[in-house]
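> only the shape, not the letters, is given here:
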């Protein structure tokens with residue numbers, strides 16, 4: 001009876017604070033962080049970002065993600081800064097199924113993003129991000145399907161930029 005009466009009382013504020021601190025400590029201790037938040041090594045906190053293509057949509061997306069993660073992007077590469085060089089992206093299509101009349105019904109769109117990380121000491125390593133999405137084709141709605149394909153490619157670039165940052169966190 002005494003035990004039931006104790007449970008019905010509200011928890012004391014200090015007990016709630018201790019519980020909150022304990023949960024926060026456990027989550028931060030296991031490496032948990034919010035999605036989209038990356039902790040780059042100190043050697044990559046100042047970075048020169050370049051691309052072989054002048055108006056590279058992936059370059060724009062990677063720069064945005066780097067700025068969101070407090071990386072200082074410099075305009076000119078110095079001797080003390082690292083470089084992230086985006087290489088030309090590529091796409092491939094693979095047929096998955098056909099309509100009875102022989103036209104493509106569904107295919108897999110494969111996206112490849114390659115990049116290099118060049119350290120201040122000249123050490124250069126190349127990496128690749130590979131992503132794929134299934135895409136249903138409809139010859140009767142070619143314009144709509146082309147727009148859908150463009151949206152899928154934009155989405156793949158966003159995912160690729162997140163993967164690039166995730167891979168950068170593992171360097172050092």
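Sure thing, it's come through. Computed from a prediction, not measured in an experiment: that's the story for all the values here.
> which strands and helices lie in contact with the longest strand seen in the chain?
Secondary structure of the chain per DSSP state E: the longest strand is strand 104-118. Under the contact definition 3 or more C-beta pairs under 8 Å, 6 or more residues apart in numbering; DSSP states H and E, strand 104-118 sits against strand 82-86, strand 90-98, strand 124-136, helix 142-169. C-beta: built from backbone N, CA, C; applies to glycine.
> what angle sits between that strand and strand 124-136?
160 degrees (axes from the mean of the first three to the mean of the last three C-alpha atoms, to 10 degrees).
> in strand 104-118, what counts as buried?
Buried residues in strand 104-118, counted by 16 or more other C-beta atoms under 10 Å: 104-105, 107, 109, 111-113, 115, 117-118.
> of these, closest to residue 83?
The closest of those to residue 83 turns out to be residue 118 (C-beta to C-beta; 4.2 Å).
> bridging residues for that closest one?
residue 83, residue 124 (DSSP bridges).
> give me the pLDDT for it.
On the pLDDT scale, residue 118 is placed at 91.
> that one contacts residue 82, doesn't it?
Yes: counting by C-beta atoms under 8 Å, residue 82 is a contact partner of residue 118 at 6.4 Å.
> low-confidence stretches in the protein?
Residue ranges of the chain with pLDDT under 70: 1-11, 28-38, 172.
> repeat the analysis, applying 90 as the threshold.
For the chain, the stretches with pLDDT under 90 are 1-46, 52-55, 68-71, 76-82, 93, 95-107, 119-123, 134-150, 166, 168-172.
> now the angle from the longest strand of the chain to strand 90-98?
Here strand 104-118 runs at an angle of 160 degrees relative to strand 90-98 (the same axes, to 10 degrees).
> strand 104-118 to strand 82-86, inter-axis angle?
160 degrees.
> re earlier: out of the buried residues of strand 104-118, which one sits closest to residue 45?
residue 117 (13.6 Å).
> grab the nearest non-local neighbour of that closest one.
residue 125 (5.5 Å; C-beta to C-beta, 6 or more residues apart in numbering).
> shouldn't the one you found be in contact with residue 116?
Yes: counting by C-beta under 8 Å, residue 116 is a contact partner of residue 125 at 6.8 Å.
> which helix or strand contains residue 122?
Using DSSP states H and E, residue 122 sits within no helix or strand.
> coming back round to it: what's the closest of the helices and strands packed on strand 104-118 to residue 54?
For the helices and strands packed on strand 104-118, the distance to residue 54 is smallest for strand 82-86, at 11.8 Å, taking C-beta to C-beta.
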